[in-house]
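S.K.: next one to model:
(3 chains)
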Amino acid sequence: MTQTIAERLEQLAIVLPQASAPAAKYANYAYTNGFIYVSGKGPEGSPKGKLGSDFTIEQGYQFARQAGIEVLAVLQSALGSLDRVKQVVKLQGFVHATPEFEKHHLVLNGCSDLMLDVFGGEKGAHARSVFGAASLRDGLPVIVDSIFEVA
Amino acid sequence: MTQTIAERLEQLAIVLPQASAPAAKYANYAYTNGFIYVSGKGPEGSPKGKLGSDFTIEQGYQFARQAGIEVLAVLQSALGSLDRVKQVVKLQGFVHATPEFEKHHLVLNGCSDLMLDVFGGEKGAHARSVFGAASLRDGLPVIVDSIFEVA
Amino acid sequence: MTQTIAERLEQLAIVLPQASAPAAKYANYAYTNGFIYVSGKGPEGSPKGKLGSDFTIEQGYQFARQAGIEVLAVLQSALGSLDRVKQVVKLQGFVHATPEFEKHHLVLNGCSDLMLDVFGGEKGAHARSVFGAASLRDGLPVIVDSIFEVA
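M.R.: From the prediction side, this is the model:
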């Protein structure tokens, strides 16, 4: 018997929050033609700061995971059930970082690992890119932009 | 009777310019499978500078709105009529900003509000993300990258 | 008779490498519903550094071209034949640059020209955007994020 995503979340001890409100005049997602584009989400409530000076890579990894949980909360609110996710298509990570920082990929792994844990190795496998942003909204350490295919 | 987008633009006193030429060796848009990907557009002719030092948030808001008008000009040239836009899917804003800047979302509202004004609350609602770029082409203060669904 | 892409690559003296492994926990691409999203690729093995201080625009152009060759290697591994590419849809370039740099578009032309050379003026025409990143994975000078339509 296949496990539902709700069961897997429970096993992972992940409790999804309510989807956070958009930070400004836009929607949390656009759902069109079988794809959901989720608006950029960060680890809401996190301390302000940059990778490379204020935070360690491990802290960044946890922030990226928290951002991913916010993304899942949006999907849950949009779809009713995460079982409707057919494929994690694309993650793009904006890492708030110093000009010398070089480990953006290890930070974004926090979000990638979450997707693989929750959706498994097939549905969870995704394309990805990441870069160092000079600054981010509210001084957030990480923002994740994402696209999902829906059944 | 439903208003046409051309009528709404007139009501908003927006006169679309000719679509600006791409800044280098690419096309203004790619139209495929019902979606238009519009190339990054900035407020052409704007002064150079950064949010957080050279410009106020209100100036940034106006630059983002001007970038949005350039995007609409591309759509007009691609589709013949903006009435063919079925949905604003995604906006991504690159804000040329200092390392300390935190109000990227208020800047990009200039473009989001334009889309909502022109296409209305349903077709105009969109997913969005924004970040602070260390530098931008020609020193532009804002560039907007966008995706639209077309009927 | 139409030339195959393999023949065109030979004519251009381009030898595709094996697709480089993803730098972290993600896939090289996601293929869904006729589109391939290719993960961010840089000129692997290139020296570290920034446009605007460490490298000239011409060097940046060559790095962007090399990043494009890495993208083609991923497509080759995913599709078996580049003849299956129907359209280059979108390129997004992250240019590792100083805060004063203004020629991001000329750097990314290295990748755009490659796509036009390889796929020709119709299939190769694409939407594009580019910005200056504060920092990039491993200090890479350029990363290219891309979407292709597949027949």
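S.K.: so A:T4 makes contact with A:V118?
M.R.: No: contact status for A:T4 versus A:V118: not in contact, 11.1 Å apart, counting by C-beta atoms under 8 Å. Where you see a C-beta, it was placed from the backbone N, CA and C, and this is true even at glycine.
S.K.: more crowded one of those two?
M.R.: Between A:T4 and A:V118, A:V118 has the larger neighbour count (other C-beta atoms under 10 Å in any protein chain shown), namely 21 against 12.
S.K.: from the contact counts, what lies against the helix or strand hosting the more buried one?
M.R.: A:V118 belongs to helix A:104-123 when assigned by DSSP states H and E. Using 3 or more C-beta pairs under 8 Å, 6 or more residues apart in numbering or on different chains; DSSP states H and E as the contact criterion, the secondary-structure elements in contact with helix A:104-123 are helix A:5-11, helix A:57-79, strand A:85-96, strand A:127-133, strand A:142-150.
S.K.: just the angle between the last one and helix A:104-123, please?
M.R.: Going back to what we said before, that points to strand A:142-150. Per axes from the mean of the first three to the mean of the last three C-alpha atoms, to 10 degrees, the angle that strand A:142-150 makes with helix A:104-123 is 20 degrees.
S.K.: burial count for A:S81?
M.R.: The burial metric for A:S81, expressed as a neighbour count using other C-beta under 10 Å, is 11.
S.K.: and it, how far from chain B?
M.R.: When C-beta to the nearest C-beta, to the nearest Å is applied, the distance between A:S81 and chain B equals 20 Å.
S.K.: same thing with A:E100?
M.R.: A:E100 sits 13 Å away from chain B, taking C-beta to the nearest C-beta as the criterion.
S.K.: over to A:L12?
M.R.: Computed as C-beta to the nearest C-beta, the A:L12 to chain B distance reads 26 Å.
S.K.: quick check: the most centrally placed residue in chain A vs B:Y31, distance?
M.R.: Note on chain A: the residue nearest the mean C-alpha position is A:G68, at 2.5 Å, using C-alpha atoms, centre = their mean. From A:G68 over to B:Y31 the distance is 32 Å, taken as C-beta to C-beta, to the nearest Å.
S.K.: got it, and A:H96?
M.R.: Here the distance between A:H96 and B:Y31 works out to 34 Å (C-beta to C-beta).
S.K.: what about the two, which has more around it?
M.R.: Neighbours per residue, other C-beta under 10 Å: of A:H96 and B:Y31, the larger number sits with A:H96, 31 against 18.
S.K.: roughly how far apart are that one and A:G139?
M.R.: In this structure, A:H96 and A:G139 are 7 Å apart, going by C-beta to C-beta.
S.K.: identify the bridge partners of A:S129.
M.R.: Partner residues in beta bridges with A:S129: A:Q92, with DSSP bridges as the criterion.
S.K.: pLDDT weak spots in chain A?
M.R.: Of all residues in chain A, those with pLDDT under 70 make up the ranges A:1.
S.K.: residues from it in reach of chain B?
M.R.: By C-beta under 8 Å from any C-beta of the partner chain, the residues of chain A that approach chain B are A:22-30, A:32-33, A:37-40, A:48, A:50, A:92, A:94, A:99, A:133-139, A:143, A:145.
S.K.: taking those residues, please make a ChimeraX selection of just the buried ones.
M.R.: To isolate the buried subset of those in ChimeraX, counting by 16 or more other C-beta atoms under 10 Å in any protein chain shown, use the following:
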select /A:22,23,24,25,26,27,28,29,30,32,37,38,39,40,50,92,94,99,133,134,135,136,137,139,143,145
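S.K.: shared neighbours of A:H96 and A:G139, anything?
M.R.: Here A:H96 and A:G139 share the contacting residues A:G49, scored by C-beta atoms under 8 Å, 6 or more residues apart in numbering or on different chains.
S.K.: A:G110 contacts A:A64, correct?
M.R.: Yes: here A:G110 reaches A:A64: they are 3.3 Å apart, a contact under C-beta under 8 Å.
S.K.: of these two, who's got more company?
M.R.: Neighbour count, other C-beta under 10 Å: between A:G110 and A:A64, A:A64 has more, with 29 against 25.
S.K.: how close does the more buried one get to A:I57?
M.R.: Here the criterion is C-beta to C-beta. By it, A:A64 lies 10 Å from A:I57.
S.K.: likewise for A:V118?
M.R.: Taking C-beta to C-beta, one finds A:V118 at 22 Å from A:I57.
S.K.: one more: A:K86?
M.R.: When distances are taken as C-beta to C-beta, A:K86 and A:I57 turn out to be 32 Å apart.
S.K.: could you do A:S81 as well?
M.R.: Where A:I57 is concerned, A:S81 sits at a distance of 34 Å (C-beta to C-beta).
S.K.: now swap in A:A6 and tell me
M.R.: Summarising the geometry, the distance separating A:A6 from A:I57, computed by C-beta to C-beta, is 31 Å.
S.K.: same question for A:L72.
M.R.: For A:L72, the distance to A:I57 (C-beta to C-beta) stands at 23 Å.
S.K.: so which of the two has more stuff around it?
M.R.: Counting neighbours by other C-beta under 10 Å for A:L72 and for A:I57 shows that A:L72 has the greater number, 25 against 16.
S.K.: how many neighbours does A:D83 have?
M.R.: Residues contacting A:D83 under the criterion other C-beta under 10 Å number 15.
S.K.: how about the secondary structure of it?
M.R.: The local conformation at A:D83, judged by DSSP: H, G, I helix; E, B strand; the rest coil, is helix.
S.K.: I'd assumed A:I5 was in contact with it.
M.R.: Yes: the pair A:D83 / A:I5 is scored as a contact, 5.3 Å apart, by C-beta under 8 Å.
S.K.: between A:A64 and A:I57, which contacts overlap?
M.R.: For the pair A:A64 and A:I57, residues contacting each of them under the criterion C-beta under 8 Å, 6+ apart are A:V107.
S.K.: quick one: name the residues of chain A near chain C.
M.R.: Remark: the part of chain A in contact with chain C comprises A:34-35, A:52, A:87-92, A:97-106, A:108-109, A:112-113, A:116, A:125-134, A:147, A:149, using C-beta under 8 Å from any C-beta.
S.K.: one more pass at 7 Å, please.
M.R.: Residues of chain A lying close to chain C by C-beta under 7 Å from any C-beta of the partner chain are A:34, A:87, A:89-90, A:97-102, A:104-106, A:108-109, A:112-113, A:116, A:125-134, A:149.
S.K.: check contacts around A:G121.
M.R.: When contacts are counted by C-beta atoms under 7 Å, 6 or more residues apart in numbering or on different chains, A:G121 touches no other residue.
S.K.: give the contact list for the closest residue to A:L82 other than its chain neighbours.
M.R.: In space, A:L82 comes closest to A:I5 once its chain neighbours are excluded; the distance is 3.9 Å by C-beta to C-beta, 6 or more residues apart in numbering or on different chains. Shown in contact with A:I5 (C-beta under 7 Å, 6+ apart): A:82-83, A:118.
S.K.: right, I'll call it a day here.
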